[in-house]
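Asks: mind looking at a prediction? Sequence and model below.
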Amino acid sequence: MSATPSTIKRPPGDRLMLACLAAMVCLWTVLCAISHKAPDLDGMEELVWAASLELGYTKHPPLPSWFMYFATEALGRPIWLPFLMGQLFSALGLWFVWKLAREMTTPRLALMATLLVSTTAYFSLRGTIYNHNTAQLWSIACATWLFYRALRDQRLRDWFWLGVVGALAMMTKYSAVIQFAAFLLAMLAAGSFRDTRTWRGLGVALATFLAALSPHLIWLARHHFEPLLYADASIELPGRLAALGLMLDFILDQAGRLAPMVLVLIAWTLWQHRKGDRAPGVVANEDIFQPAEQGPRRYFHAFVPGDRRFLLWVGLAPFLSTLLVSIVLGTRLEASWASTFFILFGFYAVWWLHGPQALQLRRILILVAAVHIVMAAGYALARGPLAWEAGRAARSTYPGPELASLVLERWNEHQPGRPLRVVVSNTWMGGNIAVHVSNRTQVFIDASEAESPWFAPGEALACGAVVAFSEKGRAAPAPAVQALFDAAPWKGVSELHWSSERSPVIDLHWAVLPATEHCKGR
């Protein structure tokens, strides 16, 4: 009988999981770095916000920008950094899915569940987008793991860390409360509140949660709860009839983003139908499984009823409760808001599988790797060469280096010998210019001090600045930016193509504001 490959014969451990995650991070990051001239809008926003460490921003809580701040301190501001950061947080989220799965089942089933969910768009394709949704994956997955351990073992240290990680999840995005509600429902379903230890643990978790979150809460109170007002405005009430149409779009979007995992299951089913439970070079009978004449015994039965109940309540409640709230209140839904809702869906996928675990793990590894490679290569091709040749106005082909070169040339003409430290523009155009000028060049977002807290009051323009906007290139000016442009002593308009010769023309309106007597020579 042929020997099973050592990596499959032995139960997989942390090393194999880490190797898979490292391969995923490298694959997506390298291909995006090669194919993109600019990051996505959210990634650029994080690069701009990383100018300083703040306790909050007008749109969102601060934690993702803190991580980006330390990354830029170490690596500068290359345009590939948001791709790397997004994939690192995607991988970290998968690591905690793996940790949870290891608590519940065998190492092979745990690895299969983690690999399967890694193909969903939120961990793969959209995992290249470093925003508050992707940055929250790890904290929600970690909180779910800690919550499971806390309920099962009732150790105060698990409740303590659940409170800390829960606060970090809230400091990433306030939608974490949806997951906390799912935890509550799971406790009600399991009858956990009949155990006095649960109340004691909840007290510890709540205390650490509030302690960790308190600096941000104080900031919120001092800044009139600006991020909460932004969140409230983003779920505007379009009316119930319109909300139902948007809900259907939302559900279809989620189905599309889960589709890669479904394709893996379909491919596995076809493979299993053709080859059965035996394959050359693999010892198929090393696992105990249901004899063929009794029908396949799904891996669903490898999980104890309590764990199955936990996975169903905690895994399905965020998505279903969000739909319910939208129906009742008639609120708008955005597809990306569901980024953390499906972290446990790999368990549901693995429940469908059956047969010798070593053999099925080998097949899942092959299929998942193929799906990741095809998606990453296809995404890079579509967003890079194909978008360039078609002349589409894609953010991935935005001419950031060329815009920065034009702006710097105009600046040096009128402020020779002085470094350009400030670009007055919106986040997108200003960020694309600033990151290519120097690591110290910052964006004065829409000429708003509230949106640009890295500037001391009244000092943003002290050492001069370049004003930049485009009426055709996704950078129409805010009124304050237009006013600065109109008042500038030197200004003009330059034109360049978005990408290829067939692409739209960007009309770069530039203006140079001279340094004032209050400049401290920065």
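Replies: That came through, no problem. This structure is a prediction, so every number in the text was calculated from the model and none was measured. Numbers count the residues shown, from 1 in each chain.

Asks: low pLDDT regions in this protein?
Replies: Counting by pLDDT under 70, the chain contains low-confidence residues at 1-9, 232-240, 278-295, 473-475, 521-522.

Asks: can we see that at 50?
Replies: Along the chain, segments meeting pLDDT under 50 span 1-7, 283-293.

Asks: next SSE downstream of the longest helix seen in it?
Replies: Among the elements of the chain assigned as helix by DSSP state H, the one spanning the most residues is helix 240-275. Sequence order places helix 305-329 as the next helix or strand after helix 240-275, per DSSP states H and E.

Asks: helices and strands around that next one, which ones?
Replies: The helices and strands touching helix 305-329, judged by 3 or more C-beta pairs under 8 Å, 6 or more residues apart in numbering; DSSP states H and E, are helix 137-153, helix 176-190, helix 240-275, helix 345-352. In this view, the C-beta of every residue, glycine as well, is placed from N, C-alpha and C.

Asks: about what we covered before: counting contacts, what elements does the longest helix of the chain pack onto?
Replies: Judged by 3+ C-beta pairs under 8 Å, 6+ apart, the packing partners of helix 240-275 are helix 107-118, helix 305-329, helix 345-352, helix 357-381.

Asks: now do the buried residues in the first one.
Replies: Meaning helix 107-118. Buried residues in helix 107-118, defined by neighbour count with 16 or more other C-beta atoms under 10 Å: 107-118.

Asks: can you list the residues you listed in CSV and add distance to Gly306?
Replies: What follows is the buried residues of helix 107-118, written out as CSV (distance: C-beta to C-beta, whole Å):
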residue, distance to Gly306
Pro107, 20
Arg108, 21
Leu109, 16
Ala110, 17
Leu111, 22
Met112, 21
Ala113, 17
Thr114, 21
Leu115, 24
Leu116, 22
Val117, 21
Ser118, 26
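
Asks: which among these gets closest to Leu217?
Replies: When the buried residues of helix 107-118 are compared for distance to Leu217 (C-beta to C-beta), Val117 comes out closest, at 32.9 Å.

Asks: how about the closest one, nearest residue that isn't a chain neighbour?
Replies: Nearest in space to Val117, with sequence neighbours left out and distances taken as C-beta to C-beta, 6 or more residues apart in numbering, is Gly346 at 3.0 Å.

Asks: surely the one you found and Thr114 touch.
Replies: Yes. Using C-beta atoms under 8 Å, Gly346 and Thr114 qualify as a contacting pair, with a distance of 6.0 Å.

Asks: which residues touch Ile506?
Replies: Residues touching Ile506, when contacts are defined by C-beta atoms under 8 Å, 6 or more residues apart in numbering, comprise 399, 403, 470, 472-473, 495-498.

Asks: which non-adjacent residue is nearest the spatially most central residue of the chain?
Replies: Note on the chain: the residue nearest the mean C-alpha position is Thr134, at 1.4 Å, using C-alpha atoms, centre = their mean. Leaving out its chain neighbours, the residue that sits closest to Thr134 by C-beta to C-beta, 6+ apart is Gly86, at 4.9 Å.

Asks: tell me if the one you found really is in a strand.
Replies: No. Under DSSP: H, G, I helix; E, B strand; the rest coil, Gly86 falls outside any strand and is assigned helix.

Asks: neighbours around it, how many?
Replies: 29 (other C-beta atoms under 10 Å).

Asks: state the distance from it to Ile129.
Replies: Here the criterion is C-beta to C-beta, to the nearest Å. By it, Gly86 lies 5 Å from Ile129.

Asks: need the residues touching each of those two.
Replies: With C-beta under 8 Å, 6+ apart as the test, Gly86 and Ile129 both reach Gly43.

Asks: one step back: shared neighbours, Gly346 and Thr114?
Replies: Common contact partners of Gly346 and Thr114 (C-beta under 8 Å, 6+ apart): 97, 101.

Asks: quick one: the helices in the stretch 1-150 of the chain?
Replies: Using DSSP state H, counting those that start in this stretch, the helices assigned to the stretch 1-150 of the chain run over residues 6-9, 14-35, 41-49, 63-75, 81-104, 107-118, 132-135, 137-153.
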